[in-house]
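**Student:** what shape does this take:
(chains A, B, C and D)
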There are 4 protein chains.
Amino acid sequence: MHRTTIRVRYGETDQMGVAHHSAYAGWLESGRVALCRDAGIPYREIEAAGYNMAVAELTIRYLKPALFDQVLTIETRLARLTPRLIVFDYRITNPDGEPVATAETRHLVVNRNLTRASLPAGIMEKLKQAETAHA
Amino acid sequence: MHRTTIRVRYGETDQMGVAHHSAYAGWLESGRVALCRDAGIPYREIEAAGYNMAVAELTIRYLKPALFDQVLTIETRLARLTPRLIVFDYRITNPDGEPVATAETRHLVVNRNLTRASLPAGIMEKLKQAETAHA
Amino acid sequence: MHRTTIRVRYGETDQMGVAHHSAYAGWLESGRVALCRDAGIPYREIEAAGYNMAVAELTIRYLKPALFDQVLTIETRLARLTPRLIVFDYRITNPDGEPVATAETRHLVVNRNLTRASLPAGIMEKLKQAETAHA
Amino acid sequence: MHRTTIRVRYGETDQMGVAHHSAYAGWLESGRVALCRDAGIPYREIEAAGYNMAVAELTIRYLKPALFDQVLTIETRLARLTPRLIVFDYRITNPDGEPVATAETRHLVVNRNLTRASLPAGIMEKLKQAETAHA
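**Tutor:** Next comes the predicted model:
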């Protein structure tokens, strides 16, 4: 799986003293943006080409609290890749290697008008290589 | 179902021109906090009594973009209520009554040390009335 | 001054047990968006006409912590209104009427390309009425 | 000045196509947290010792838009350091070295009850070294 890290910000904590559950969605996004970048197809280039991977479904299972200033590892995997539907799954671990969360996001490919579209061959090729590299 | 409304903030939009998918988690939270308040047991009183409903799982299905300044209706239902596990489900609709998202959150009851606990009878009673009222 | 209210969200608190200082920027934005709406010129119409009020400077003085679930009053005033530069100031109070924060935002009028522009007469007229109404 | 970097997240952009002005407060926080960490006194240890640097005032001047996926450099300087009042100032630059923002935050030292307090000598010593190192 592709790996990236994020550090938990103070503003991401809540009054329970742990990272608020809504912060994780942004961390997962950082994971898949990093995966695309490392696949040689930065997400901003996908957007510049006129496409977006609109989030159609998000599932997060919270396993252990994430704490302020911890460096978390986000492992991201392209679980399914078609020109119109893309699925990522994720595993977040803390500095002790303990699982903090697992997650899945399902994305519909859309164009600038937010209507459904198909990723062109050039982008698909690069993502396929990422899919293989991080299987 | 219990109903509350939120207005989409400018800062909740992203460069696709729609509300970012991470904003929805906060809206769902506003829905269940409002349900508890209207059940006569404000969430801050649950916390003051030493309990939290830690989010164990979050699932959101995004059906239609939410737009800046729209007033969205959050319908919240207590789908399952036990002293140790609570499940809410949600339906978000836009001003035209169109479905924007459906969602579910699963919560473990924990105490101040974030270890599992059971809600006391007094809180359970009030939530049960809310469960019936909004079935 | 123009008044609107917001309720402090759980996710806006941090591990100090109070609303995180970054949340206030969004509340101020809600205040000025509400002022424009009540002036008969919703901010999304200003944007649809091709203009934005880009934030050039933000100053917030934090006077008293804001707490989860409190309903805060945001008072917003158009302190200066020219076609190219707009200044709002703000006063946030808690349910006991105590001052929580004062703030100021300075905005440059820009067009869709983010280059400086001048608000057209029609929009200026409506904002001028708001300026007078809430002086 | 002390330097750290952050990468602009997709969720930090808004429908103007640039980073929303409220995101900067979190970046500044990352800057001062990194400064403390590199000074040998991680912010979580300051908190564990019973102290907080509550934000009393925030000023940000926005000079140039920050864009999705840009790696920004946050330069942080301890502009004033006393046991009861601490002032940081900041400069944010984009990958081309252009200034994106300058900022200042003023902090009151408080204890766990959020009443004013004085930083103990041990913490002051380490911060003083940081003040000198990044002058």
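**Student:** ramachandran angles for A:Asp38?
**Tutor:** phi -70, psi -20 (degrees, to the nearest 10).
**Student:** the closest residue to A:Ser22 other than its chain neighbours: neighbour count?
**Tutor:** Leaving aside its chain neighbours, A:Ser22 sits nearest to B:Ala25 (3.7 Å; criterion: Cβ to Cβ, 6 or more residues apart in numbering or on different chains). No exception for glycine: its C-beta is placed from N, CA and C like everyone else's. The tally of other residues near B:Ala25 (other Cβ atoms under 10 Å in any protein chain shown) stands at 22.
**Student:** low-confidence ranges in chain A?
**Tutor:** A:135 (pLDDT under 70).
**Student:** so the most centrally placed residue in chain A, which of the three states?
**Tutor:** The centre of chain A sits closest to A:Arg32, judged by Cα atoms, centre = their mean, with a distance of 3.2 Å. State at A:Arg32, reduced to three classes by DSSP: H, G, I helix; E, B strand; the rest coil: helix.
**Student:** repeat that for A:Lys126.
**Tutor:** helix.
**Student:** kindly report the same for A:Gly26.
**Tutor:** Going by three-state DSSP: A:Gly26 is helix.
**Student:** where does A:Ile123 sit: helix, strand or coil?
**Tutor:** helix.
**Student:** just to revisit the earlier point, hmm, the residue nearest to A:Ser22 is touching A:Asp14, no?
**Tutor:** No - B:Ala25 is beyond contact range of A:Asp14, at 11.7 Å (criterion: Cβ atoms under 8 Å).
**Student:** where do the contact lists of the two overlap?
**Tutor:** Here B:Ala25 and A:Asp14 have C:Gly11 as joint contacts, going by Cβ atoms under 8 Å, 6 or more residues apart in numbering or on different chains.
**Student:** quick one: the strands in chain A?
**Tutor:** All strands of chain A, identified by DSSP state E, fall at A:2-7, A:51-62, A:71-81, A:85-93, A:99-111.
**Student:** so who does A:Met16 touch?
**Tutor:** A:65, B:52, B:54, B:114, C:15.
**Student:** can you list the residues of chain A near chain D?
**Tutor:** A:7, A:9-11, A:25-26, A:29-30, A:33, A:37, A:42-44, A:68-69 (Cβ under 8 Å from any Cβ of the partner chain).
**Student:** doesn't A:Glu104 make contact with A:Arg80?
**Tutor:** No - with contact defined as Cβ under 8 Å, A:Arg80 does not count as touching A:Glu104 (9.9 Å).
**Student:** of those two, which one has the most company?
**Tutor:** A:Glu104 (18 against 14).
**Student:** thinking again about what came up before, what about the residue nearest to A:Ser22, distance to B:Ile92?
**Tutor:** 12 Å (Cβ to Cβ, to the nearest Å).
**Student:** so what's A:Pro83 up against?
**Tutor:** A:109, A:118-119, A:124.
**Student:** out of those, which end up buried?
**Tutor:** For these, a neighbour count by 16 or more other Cβ atoms under 10 Å in any protein chain shown gives the buried set as A:109, A:119, A:124.
**Student:** wait, which of those residues is closest to B:Ile60?
**Tutor:** Closest approach between the buried ones among the contacts of A:Pro83 and B:Ile60, by Cβ to Cβ: A:Val109, at 19.0 Å.
**Student:** what's across from that closest one in the sheet?
**Tutor:** A:Met53 (DSSP bridges).
**Student:** ok, it touching A:Thr115?
**Tutor:** No - using Cβ under 8 Å, A:Val109 makes no contact with A:Thr115, being 10.2 Å away.
**Student:** which one among the buried ones among the contacts of A:Pro83 gets closest to D:Ala19?
**Tutor:** Once Cβ to Cβ is applied, the member of these that ends up nearest D:Ala19 is A:Val109, at 24.9 Å.
**Student:** now do that closest one against B:His20, distance only.
**Tutor:** Going from A:Val109 to B:His20 by Cβ to Cβ gives 18 Å.
**Student:** show me the contacts for the closest residue to A:Ala23 other than its chain neighbours.
**Tutor:** Distances taken as Cβ to Cβ, 6+ apart put A:Glu12 closest to A:Ala23, at 4.0 Å, once the chain neighbours are dropped. With contact taken as Cβ under 8 Å, 6+ apart, A:Glu12 is in contact with A:19-20, A:23, A:68.
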